[in-house]
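Peer 1: Next input, structure requested:
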Amino acid sequence: MDDMFGSDFMTIVDEDGTEYELEVLTTIEYNGCSYLAVIPADGEENDPEDLEVSILKSVEEDGESILCAIEDETELETVYSLIMDQLYAQEED
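Peer 2: Next comes the predicted model:
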């Protein structure tokens, strides 16, 4: 994502039909999969819980791209490290 053009936002809907507005911080490709780092779009800067980064994996299901949580702990730790490295590198630019 290029900060020159502002932030990217997306709305996701959970299985109960609840909508969530998220700000996409960055995306990465790893082992042939796409991952997104997101935070709540309406979060308060002073509330650490609202600034907690969530990592979602994009997977194909029935020909449709869906976002899901990463269940494998090793995969999550690896992707988290890659995303944090990328975010910190963007801050230095």
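
Peer 1: Please state the offset of the helix or strand harbouring Gln90 from the chain centre?
Peer 2: Element membership of Gln90, judged by DSSP states H and E, is helix 73-92. In terms of CA atoms, centre = their mean, to the nearest Å, the centre of helix 73-92 is set 11 Å apart from its chain centre.

Peer 1: Can I get the top strand by length along the chain in PDB? Just the C-alpha atoms.
Peer 2: Looking across the chain with DSSP state E, the single longest strand is strand 19-30. Listed next in PDB are the C-alpha coordinates belonging to strand 19-30 (Å, rounded to 0.1, in the frame of the first residue of the first chain):
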ATOM      1  CA  GLU A  19     -20.200  -5.800   9.400                       C
ATOM      2  CA  TYR A  20     -16.800  -4.500  10.400                       C
ATOM      3  CA  GLU A  21     -15.000  -1.500   8.800                       C
ATOM      4  CA  LEU A  22     -11.200  -2.200   8.700                       C
ATOM      5  CA  GLU A  23      -8.200  -0.200   7.600                       C
ATOM      6  CA  VAL A  24      -5.700  -2.200   5.600                       C
ATOM      7  CA  LEU A  25      -2.200  -1.400   6.800                       C
ATOM      8  CA  THR A  26      -0.400  -3.600   4.300                       C
ATOM      9  CA  THR A  27      -0.600  -6.800   2.300                       C
ATOM     10  CA  ILE A  28       2.100  -9.500   1.700                       C
ATOM     11  CA  GLU A  29       2.500 -12.600  -0.400                       C
ATOM     12  CA  TYR A  30       4.000 -15.600   1.300                       C
END
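
Peer 1: so what secondary structure elements neighbour that strand?
Peer 2: Using 3 or more CB pairs under 8 Å, 6 or more residues apart in numbering; DSSP states H and E, the elements in contact with strand 19-30 are strand 8-13, strand 33-40, helix 73-92. C-beta here means a position set from N, CA and C on the backbone, and glycine is covered the same way.
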